[in-house]
Structure formats: C-alpha cells, structure tokens
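Trainee: 3D, please:
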Amino acid sequence: MDQTPQCSSDPPSYESVLELANPRAQLSTNELPSFVMDGTLILHPSTPPSRAMYELSSPPYEALSQNYAVHKVIHKVVSSAGEPHVRISRLVHIYDFRPSRIPLWLLAGRVLISPPTPESSLAQVEMFPSLGSLSATATSWTVAYMFRTALTGVYMFKTDQRITDKFRSRADILWRDQQGKVVAVETRLERDRDDGRVKDLPRLQLKVELDDKMLDLLVASWAARVWREALRDLHSEQQQQPANSAKKR
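Mentor: As a prediction, the model looks like this:
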C-alpha cells in the first residue's frame, strides 16, 4: 500500500485535523517531540523508523527558493484484525514563508509567515531581527503579528543565545515564548568548511509542551530562520570562491 503523503485537493479546516496531527498522539509517547530537518522533511527521530511530521516545498538550508510552503503530515492508523499495521499519510498546507515585499531598507531581512488562505485561523506573522540586533544575518529574531514591531512588546517567539555561547561558532539557539521561557533549543546546521556540504542537520528539541497552533508556528518559524541563515552562509561561500581561485593561480 502506498504510504507516500498526498496533498488533499479539498483541504479540511485546521481544527478538524488537530487531533490526528498531534505529534505526541501520532508517536504514541509522552516525551516531548524533537525534530530533524532532512531535506524537505521534518522528522521525529526518536522512535524508529523516523516519521515525517512536516514537509516543506524545498530544503530551507539549500536556499534554492524565495517562497516556501509548510505542510503538516497527517497519519491515520489502519487496523486489520484488531491490530494497527499501516499508517496512511496526507498533507495539510498550514503555512507559507517568503521575504517581506515592503520596499523599505528598514525592513530588510524580514520574513512573512502566513497561512495559505485568509480564512485560516492560524496567525499571520513576521519574523525580523530583534531590536538591538538589526542584522538579517543575526541569530536574534522576533516572531510577531504583522504590522506590530518589537517596540510594542507583543510577540510570539524570540530567539537568542546563552551569554557563554555568544562567541562560539554554530552555538545552539534558544527559542523563547512571550514570558521569556525557553520552549525549544535549536541545534544549528553545520557545513564542511572546504566544500560547503552539510555535515550535521539542523535540529529542534522542545523543552515544554505547546498547543498545536503554537507548535506549527514554531516549526514554520524555525524553517524560516534556517533559510535566512543559509542565505548568508551560501552567499558568503560564493564570494569566497573567486578569491580562493585567484590565490591558486
């Protein structure tokens, strides 16, 4: 039986799939989910075989696109003779992310994270460099509702690093909620210094239980942050290649 995730031509409402899509329910475990981004799939690696929980339209860490779709993978247990033995999956389109198209230099680096339809109950937010870290290449980001800035104090997530990690290359990134509590720890992707190939995949470990909507937003924001960092890394490598070639001559 084909178990390849299929996109629904007539997608159900977000609320109608919450129970089926709950990561902890699908994994039959009480542990907090952890995720690995492997190509276009976001996997839960703890219970073999690794199971896809989300799927992306393109690998964010390859930075091959300017527009990304985030799908939630829905698993359904099929029983035979009272025993569950097959899981059939389908995809529910929950978010898109892309660069903000507002042509102002102050908004450089902003990423729009929005549901695919205006009727969705999911939040439409922007991710932007946090106040005091106004660089699109920084590790400090704020995820907030559209048209609100960091000055309002209203946000969904913020990222930062431990003080002891500030000067460490590829140090973990902390994702905090509105109360400043660490809800997840991101292990950043690592590339080979010589050829730029991926050595270690990006990971996200939850530290607290989140409701479904907040978890989906966190995962979409994480994918967007990985993409922004990849743009910096790969652009830097492209600039260094001509210089390195000139030195060899």
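Trainee: Next, Trp222: secondary structure please.
Mentor: helix (DSSP: H, G, I helix; E, B strand; the rest coil).
Trainee: Run through the residues that contact the closest residue to it other than its chain neighbours.
Mentor: Nearest non-adjacent residue to Trp222, counting by CB to CB, 6 or more residues apart in numbering: Leu204, 5.3 Å away. C-beta coordinates here come from the backbone N, C-alpha and C atoms, glycine included. Neighbour list for Leu204: Ser34, Phe35, Met37, Trp175, Ala184, Val185, Glu186, Thr187, Leu218, Val219, Trp222 [criterion: CB atoms under 8 Å, 6 or more residues apart in numbering].
Trainee: if I read this right, Leu56 contacts Asp38, doesn't it?
Mentor: No: counting by CB atoms under 8 Å, Leu56 sits too far from Asp38 to count as a contact (10.4 Å).
Trainee: which one of the two has more residues nearby?
Mentor: Leu56 (23 against 17; other CB atoms under 10 Å).
Trainee: Could you measure from Arg193 over to Trp227?
Mentor: For Arg193, the distance to Trp227 equals 21 Å [CB to CB, to the nearest Å].
Trainee: Compare those two (neighbour count), which wins?
Mentor: The neighbour comparison of Arg193 against Trp227 (other CB under 10 Å) goes to Trp227, with 24 against 8.
Trainee: In space, what's closest to the more buried one - neighbours in sequence excluded?
Mentor: Per CB to CB, 6+ apart, closest to Trp227 is Pro60, 3.8 Å.
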